[in-house]
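K.L.:
Here's a sequence, model it:
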Amino acid sequence: MDVYKIDEEIATINSNPSKRVYGERLITDEKSNKEYRIWNPHRSKLSAALLNGLSEINLNKDSKVLYLGASTGTTVSHISDIVENGIVYAVEFSPVSMRKLSRLSQTRNNIVALLNDATKPKEYLNIIEKVDLVYCDVAQASQTKLFIDNMNLFLKSNGQGVFMIKSRSINVNIKPKTVFKEQEKILKANGYKIIEKIKLEPYEKDHICFLVERSF
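P.N.:
The predicted model follows:
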């Protein structure tokens, strides 16, 4: 995966040179004439997970990604940099967020912005092909079910899932550690195995990242 370490930060090569997406710092390497976008872990859970040790994720230049909960496109834009010859299907439910996401997709030809409800994946079944990675960052009580439903429909047999779990969105009355264990059991019961578990502190409180593959 083309992610670069710059001092104590990580970055991706800007596929839309000189353009910022969310106010991130741009750094130009004069020797290679490449421009890097600093990937802010306080704005992107995937950046936080990578800085905290996520290492087994398979993303390359040709990868196809289904991103659930794309919001305004902060993390989507960095994935877009990485999968420069691939595609990111970015699903977002909020019309307000979709306005920014749609503008981003107009400047990056490998992003397809979709105004859809991730709990109803059959509604975009005729739009999205099989993908190498399903990425889910949807903060709601049904997040595990919608992640599994989308994985079952769209993930290639050898693909992976990245699941960002916000414990307080599932049950605010149960300790996060217990919530995480319960969701892991649900994933395993549905035929998936956890490859990596990465907590997101100090960047995000009560969050964990699961890297998932099929167990069958």
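K.L.:
close enough to count as contact, Tyr135 and His78?
P.N.:
No. In this structure Tyr135 lies outside contact range of His78 using Cβ atoms under 8 Å: 11.3 Å. (C-beta placed from N, C-alpha, C; glycine too.)
K.L.:
who's in contact with the helix or strand Gly159 falls within?
P.N.:
For Gly159, the element it lies in under DSSP states H and E is strand 155-166. Identification of contacts with strand 155-166 by Cβ atoms under 8 Å, 6 or more residues apart in numbering yields 45-46, 49, 57-58, 130-137, 139, 143-144, 147, 151, 179-180, 183, 187, 192, 195, 200, 204, 206-214.
K.L.:
Kindly recompute the last result at 7 Å.
P.N.:
The contact list for strand 155-166 (Cβ atoms under 7 Å, 6 or more residues apart in numbering) reads 45, 57-58, 130-137, 139, 143, 147, 151, 180, 183, 206-214.
K.L.:
Can you turn the buried part of these into a PyMOL selection?
P.N.:
Here is the PyMOL command that selects only those of those that count as buried (16 or more other Cβ atoms under 10 Å):
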select buried, resi 45+57+131+132+133+134+135+136+137+143+147+151+180+183+206+207+208+209+210+211+212+213+214
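K.L.:
Flag every buried residue along stretch 72-87.
P.N.:
72-84, 86-87.
K.L.:
now do the same end-to-end measure for that stretch.
P.N.:
17 Å (Cα to Cα, to the nearest Å).
K.L.:
Quick check: mean pLDDT of that stretch?
P.N.:
Averaging pLDDT along stretch 72-87 yields 98.
K.L.:
tell me which element Met151 falls in.
P.N.:
Counting by DSSP H and E, the element that carries Met151 is helix 143-154.
K.L.:
and that helix with strand 155-166, angle?
P.N.:
170 degrees (axes from the mean of the first three to the mean of the last three Cα atoms, to 10 degrees).
K.L.:
And the contacts of helix 143-154?
P.N.:
Outside helix 143-154, the residues that touch it by Cβ under 7 Å, 6+ apart are 66, 68, 118-119, 121, 125, 128, 130-131, 134, 136, 138, 161, 163, 165, 169-170, 183, 186, 190.
K.L.:
So which of these sit within helices?
P.N.:
Among the contacts of helix 143-154, the residues falling in helices (DSSP state H) are Ser169, Ile170, Gln183, Ile186.
K.L.:
Are any of the residues you listed buried, and if so which?
P.N.:
Buried by 16+ other Cβ under 10 Å: Ser169, Ile170, Gln183, out of the ones in helices among the contacts of helix 143-154.
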